[in-house]
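> Here is my input, please return the structure:
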Amino acid sequence: MDRIDNERWYRTPLDKSTLDSLNQANSVRGGMRLLGHLTLLLFTGTALLLTLRSHCWPLAVLSFLVHAVAVNFLGYTGAGHEFFHGSVFRSKALNRMCFRLCSIFTWNNWAYFALTHTRHHAITSLPGDPEVCQYRRLSVASVIPLVFFDGMKMLRIIRILLINAMGVIPGHAGIDLRGERKAPARRRLFRAARTIVLVHALIIAVSLFTGHWPLVFVVSLAPFGATWLSHVLAAGQHVGLARDVKDYRRSSRTIALSPLLSFLYWNMNFHIEHHMYPGVPCYNLPKLQREICHDLPEPTQGLAALLDELHS
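The predicted structure is shown next:
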């Protein structure tokens, strides 16, 4: 790869007409991708409902784990992230609505993510990047909750949301929201937290009151189950790579995945390409990769190779 000027972010050059074409959002393609994910969720959610209703516990556990994997990719390791970038549909309002819905149903505060992710793209893997942290090696004790149900993560997220809903920000992890200038951002964060807490409280209350208790597992508890796959792929975006250079080829990782995993991941396995040109919709990233692959490192070949890199 060419030597670069470390004072400027390096992007593989693309001619304007090619980039303009790649940046074009196609609402039909975006809609088909979303419909595909929602159809998968309909099948996995129905299977979970039926197995819970029939008290077939071994199948219910298996159904919950499969459904949880699909739900997790509605969040910021998948659909929610893409809707934040506003490139799935041509309509900004539709992208924004889907972003907030994905955030609500995965217990994620969209106002806080908007702040941290904007900063992440501005200073990717440089000091102060709020989204790149040290990866902790997986042990038996840490794998069990990732594979089955991460109760500690659930309690931590609900605690933070409740505190935010009461108008308090504990600490200043990632983004400092102190001062009068940050008051509007704080208000947005508080409103988002209240909305998320209220929606899930209503879902749980109505489900229990009407006797449809399996809905709690399908909707509100699923984001905390089987998080291992989204956890590993999210870590694979930047962990173990250069931390202080303005070259996405060295600070980000592209991973060659199967069509099914790429679909679930909303093509975020093309991560170098996404950081170089974040305006390119997820469904155009394979084409972008073909345009610039001559200037990129070889992709990591699959999950096994990724785990090896993360633990090397």
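> Show me the strands in the stretch 151-300 of the chain, by range?
255-256, 300-301 (DSSP state E, counting those that start in this stretch).
> Make JSON lines out of these and add distance to Leu177.
(Each C-beta comes from the backbone N, C-alpha and C, glycine too.) Formatted as JSON lines, the strands of the stretch 151-300 of the chain follow (distance: least, CB to CB, whole Å):
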{"stretch": "strand 255-256", "distance to Leu177": "33"}
{"stretch": "strand 300-301", "distance to Leu177": "36"}
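> right, and those strands - which one's nearest Leu215?
Nearest to Leu215 among those is strand 255-256 (34.3 Å), distances taken as CB to CB.
> Would you list the strands that that closest one pairs with, along with their directions?
Sheet pairing here is set by DSSP bridges, and for strand 255-256 it gives strand 300-301 (parallel).
> could you point out where the stretch 151-300 of the chain is predicted with low confidence?
172-174 (pLDDT under 70).
> Okay, helices next: where are they in it?
Secondary structure of the stretch 151-300 of the chain by DSSP state H, counting those that start in this stretch: the helices cover 151-165, 183-210, 214-215, 228-236, 248-251, 259-264, 271-276, 285-292.
> what do you get for the stretch 1-150 of the chain?
Using DSSP H, counting those that start in this stretch, helices in the stretch 1-150 of the chain cover 16-22, 27-53, 57-72, 79-84, 92-105, 110-122, 140-147.
> Comparing those, which comes out most buried?
Ranked by mean neighbour count under mean count of other CB atoms under 10 Å, the helices of the stretch 1-150 of the chain are led by helix 79-84, which reaches a mean of 24.
> So which elements touch that one?
When contacts are defined as 3 or more CB pairs under 8 Å, 6 or more residues apart in numbering; DSSP states H and E, helix 79-84 packs onto helix 92-105, helix 110-122.
> Among the helices of the stretch 1-150 of the chain, single out whichever gets nearest to Phe224.
Between Phe224 and the helices of the stretch 1-150 of the chain, the tightest spacing by CB to CB is seen for helix 57-72, at 7.6 Å.
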